[in-house]
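> sequence and predicted structure, then a few things I'm wondering about:
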Amino acid sequence: MSETTPCPRALAKALTQHRTPSNPRALFEMAVTLIPFAVFWTAALVCAQRGWWAGLLFTVPAAGFLTRIFLIQHDCGHGAFFPSKAANDWTGRVLGVVTLTPYAYWRQTHAIHHATSGHLDRRIAGGIDTFTVEEYRAMTPARRWLYRTYRHPITQFAFGPAFVFFVQHRVPVDLMRAGWRPWASAMATNLAVAALFFALGSWLGWGAFLLVHLLTVAMAASLGVWLFYVQHQFEETHWSRQGRWQRDEAALHGSSYYDLPAPLRWLTANIGVHHVHHVDSRVPFYRLGEVLKEQPELKTIGRLTIAESFRCVKLALWDERRERMVSFREAT
């Protein structure tokens with residue numbers, strides 16, 4: 001560890017002073033997210049109703065703001081958006097109807113992700129399936145083909161996100177043994193979504209409504225999965241086995257700093273400052289910027305630019321010997 005690299009445990013302790021959420025700031029973030037989303041979504045809908053198909057381009061910024069809505073829901077799930085737990089939970093539940101994401105179900109799988117990120121012996125729910133080079137070499141040809149199909153960019157960023165948000169979130173079979181709460185969350189969200197869809201479809205016209213909303217959700221889902229992918233599937237990420245795995249170390253070095261231009265950083269609610277978020281998920285997204293200002297050395301850890309992030313797409317396997325992510329070609 002270099003002199004300029006902060007100690008993960010000391011960083012975790014220092015971040016506690018940034019944890020305090022603010023009601024006025026949270027309400028402001030809600031307003032500047034929900035209002036533009038409603039404006040762009042409505043503009044796309046009006047254009048679709050009148051057959052002005054070029055107007056469907058309004059779904060692109062609508063999808064961007066829907067992603068930001070999801071990231072507000074994400075902070076609610078960490079108890080980091082409002083000071084009140086009840087306010088976080090009810091906001092998360094309501095926003096989950098808009099994002100098609102059952103709040104309690106998602107919160108549970110995401111908590112598993114945070115608790116096990118970078119742990120090679122605990123690769124369970126909440127992340128992108130990642131095998132080691134040796135595990136891949138030991139697979140049958142059929143299993144290799146399945147894994148390569150799963151890791152293909154079309155699967156990862158098109159079919160996969162659509163499946164997660166339109167199918168998996170409706171029936172949480174991955175938490176069959178986790179009790180009734182994830183199922184109650186999913187079924188309650190499904191009923192609320194069905195009621196909202198029926199009301200809006202009947203009022204606005206089913207064709208235009210479904211075209212605009214499902215297109216918007218599909219694009220937002222792909223953007224969200226892309227962000228999640230580059231936050232953990234980069235070359236110098238961190239994976240280790242039981243006995244060597246340390247939570248703070250894995251959090252700081254197993255998550256990237258996605259250095260986006262300021263407008264995109266704002267639109268994605270600072271989620272690119274992911275290494276800091278993983279060290280302490282209770283820091284509100286609207287306070288992550290002040291952490292970077294106070295500790296600018298964090299900007300050099302796991303840094304990825306947009307151009308560099310596209311190179312992560314080819315990475316698919318963790319090489320335990322070289323301690324880095326590699327492509328299928330490098331592994332064979």
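Right, received. Where do you want to start?
> going forward, measure contacts between C-alpha atoms and count neighbours the same way
OK.
> ok, for residue 258, nearest residue in space, not its chain neighbours?
Spatially, and ignoring its direct neighbours in sequence, residue 258 is nearest to residue 272 (4.4 Å; Cα to Cα, 6 or more residues apart in numbering).
> right, I mislabeled it, should have said residue 132
Counting by Cα to Cα, 6+ apart, residue 318 is the residue found nearest to residue 132 once chain neighbours are left out, at 4.5 Å.
> can you tell me the centre-most residue of the chain?
Taking Cα atoms, centre = their mean, the centroid of the chain lies closest to residue 228, which sits 4.5 Å from it.
> could you show me where the helices are in the stretch 151-300 of the chain, in order?
153-154, 160-163, 181-204, 206-232, 247-253, 262-267, 274-279, 288-294 (DSSP state H, counting those that start in this stretch).
> can you give me the end-to-end span of stretch 74-94?
For stretch 74-94, the first and last residues are 12 Å from each other (Cα to Cα, to the nearest Å).
> test my guess that the residue nearest to residue 258 contacts residue 259.
Yes: Residue 272 is within contact range of residue 259, at 6.6 Å (criterion: Cα atoms under 8 Å).
> list residues touching both of the two?
Counting by Cα atoms under 8 Å, 6 or more residues apart in numbering, the shared contacts of residue 272 and residue 259 are residue 265.
> of those two, who's got more company?
residue 272 (26 against 19; other Cα atoms under 10 Å).
> pull out the buried positions in stretch 78-92.
78, 79, 80, 81, 82, 83, 88, 89, 91, 92 (16 or more other Cα atoms under 10 Å).
> in space, what's closest to residue 57 - neighbours in sequence excluded?
Distances taken as Cα to Cα, 6+ apart place residue 44 nearest to residue 57, at 7.2 Å, with adjacent residues excluded.
> now residue 130, nearest residue through space, not along the chain?
residue 317 (6.2 Å).
> so which strand or helix has that neighbour?
strand 315-319 (DSSP states H and E).
> does residue 44 sit in a helix or strand, and which one?
Following DSSP H and E, one finds residue 44 within helix 23-49.
> oops, could you answer that again for residue 326 instead?
Assigned by DSSP H and E, residue 326 belongs to strand 324-327.
> what packs against that strand?
In terms of contacts (3 or more Cα pairs under 8 Å, 6 or more residues apart in numbering; DSSP states H and E), strand 324-327 is packed against strand 315-319.
> for the strand it packs on, output the C-alpha coordinates as PDB.
The C-alpha trace of strand 315-319 is given here as PDB (Å, rounded to 0.1, in the frame of the first residue of the first chain):
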ATOM      1  CA  LEU A 315     -13.400  -9.200 -19.000                       C
ATOM      2  CA  ALA A 316     -15.200 -12.400 -17.800                       C
ATOM      3  CA  LEU A 317     -13.000 -14.400 -15.500                       C
ATOM      4  CA  TRP A 318     -11.000 -13.800 -12.300                       C
ATOM      5  CA  ASP A 319      -7.400 -15.000 -12.600                       C
END
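> for residue 12, see how far away the residue nearest to residue 130 is.
Residue 317 is 29 Å from residue 12, where distance means Cα to Cα.
> in terms of neighbours, single out the busier of those two.
Between residue 317 and residue 12, residue 317 has the larger neighbour count (other Cα under 10 Å), namely 24 against 18.
> per-residue pLDDT, the more buried one?
Turning to residue 317, the model gives it a pLDDT of 97.
> for residue 231, same thing?
95.
> that one touches residue 253, doesn't it?
No: using Cα under 8 Å, residue 231 is not in contact with residue 253; the gap is 10.5 Å.
> who has more neighbours, the two?
Using other Cα under 10 Å as the criterion, residue 231 and residue 253 rank with residue 231 on top: 25 against 22.
> near residue 279, how many other residues are there?
For residue 279, the number of neighbouring residues by other Cα under 10 Å comes to 24.
> show me the contacts for the residue lying closest to it once chain neighbours are set aside.
Nearest non-adjacent residue to residue 279, counting by Cα to Cα, 6+ apart: residue 251, 5.2 Å away. Applying Cα under 8 Å, 6+ apart, one finds that residue 251 lies in contact with 117, 118, 275, 276, 278, 279.
> hmm, 10 Å instead?
Applying Cα atoms under 10 Å, 6 or more residues apart in numbering, one finds that residue 251 lies in contact with 8, 12, 114-118, 232, 237-238, 274-280.
> nothing else from me, thank you.
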